[in-house]
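Colleague: Coordinates only, no sequence provided:
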């Protein structure tokens, strides 16, 4: 499922970290989830994940963050973990231009295997390495604007923007979800009005469009078909 909630109105969001190998995805997650940094961390094999909790509108939001391997030999495996993701951070290393140039490939893969409403953030990591910079802030901003992505530069080493990057994605996912719930409620109210004020309960697997089409058929065209 893209997101879920229980009777206490808690939410669980699946978020993935993706990008080339050694761009710092694992250290970004370690810094965010445990406030740790490992300068000699090994490459991720397959997929690992951590769960973090934050509060929005007095609701407990749980973010299940998946750290995917960037090595080519694992791509067939990790692409399966994109399914159900409602958020993603596409990470490149500002000191290695080719990792920035490969973002288009990762973006294409994400869009192929995830929901169209997924929240995406472009992350230029290792911004503490100013002297080794090969990708400018302006280039990152331009790519993000052209692909309709959020954008931020981070440093897992000195904590720059790490918390705010993840929190921004989680908050935007919550906003998207809230708009969907509001829209669904409005559609249900409209459907109830079409049935002379009687309350109608729609099943989870029944679309609003299919319901209106049946009303149109049964009422001899009294309701305009959409």
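Modeller: Cool, got the structure. Since the structure is predicted, the reported quantities are computational estimates derived from the model, not experimental observations.

Colleague: hey, where'd the helices end up in the protein?
Modeller: 25-34, 75-78, 97-101, 103-113, 137-147, 162-194, 208-218 (DSSP state H).

Colleague: Least confident of the ones you listed, on average?
Modeller: When these are ranked by mean pLDDT, helix 208-218 comes last with a mean of 43.

Colleague: Now residue 144. Nearest residue, chain neighbours left out?
Modeller: Leaving aside its sequence neighbours, residue 144 sits nearest to residue 151 (C-beta to C-beta, 6 or more residues apart in numbering; 3.5 Å). The C-beta positions use only the backbone N, C-alpha and C, and glycine is treated the same way.

Colleague: give the contact list for that neighbour.
Modeller: Contacts for residue 151 (C-beta atoms under 8 Å, 6 or more residues apart in numbering) come out as 121-124, 140-141, 143-145.

Colleague: Could you tell me which of those residues count as buried?
Modeller: The neighbour count (16 or more other C-beta atoms under 10 Å) marks 121-124, 140, 143-144 as buried among those.

Colleague: which among these gets closest to residue 95?
Modeller: Residue 95 lies nearest to residue 124 out of the buried ones among the contacts of residue 151, by C-beta to C-beta, at 9.8 Å.

Colleague: From residue 48, how far out is the closest one?
Modeller: Distance of residue 124 to residue 48, computed by C-beta to C-beta, to the nearest Å: 22 Å.

Colleague: mind giving me TSV with the contacts of residue 151 and columns for distance to residue 110?
Modeller: Output for the contacts of residue 151, formatted as TSV (distance: C-beta to C-beta, whole Å):
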residue	distance to residue 110
121	11
122	11
123	13
124	17
140	17
141	20
143	14
144	14
145	18
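
Colleague: any idea which of these is closest to residue 169?
Modeller: Nearest to residue 169 among the contacts of residue 151, with distances taken as C-beta to C-beta, is residue 121, at 5.3 Å.

Colleague: ok, that closest one - contacts?
Modeller: Applying C-beta under 8 Å, 6+ apart, the residues near residue 121 are 87-90, 149-152, 165, 168-169.

Colleague: Residue 113: which of the residues you listed is nearest?
Modeller: residue 88 (10.3 Å).

Colleague: The closest one contacts residue 19, correct?
Modeller: No: Residue 88 is beyond contact range of residue 19, at 9.8 Å (criterion: C-beta atoms under 8 Å).
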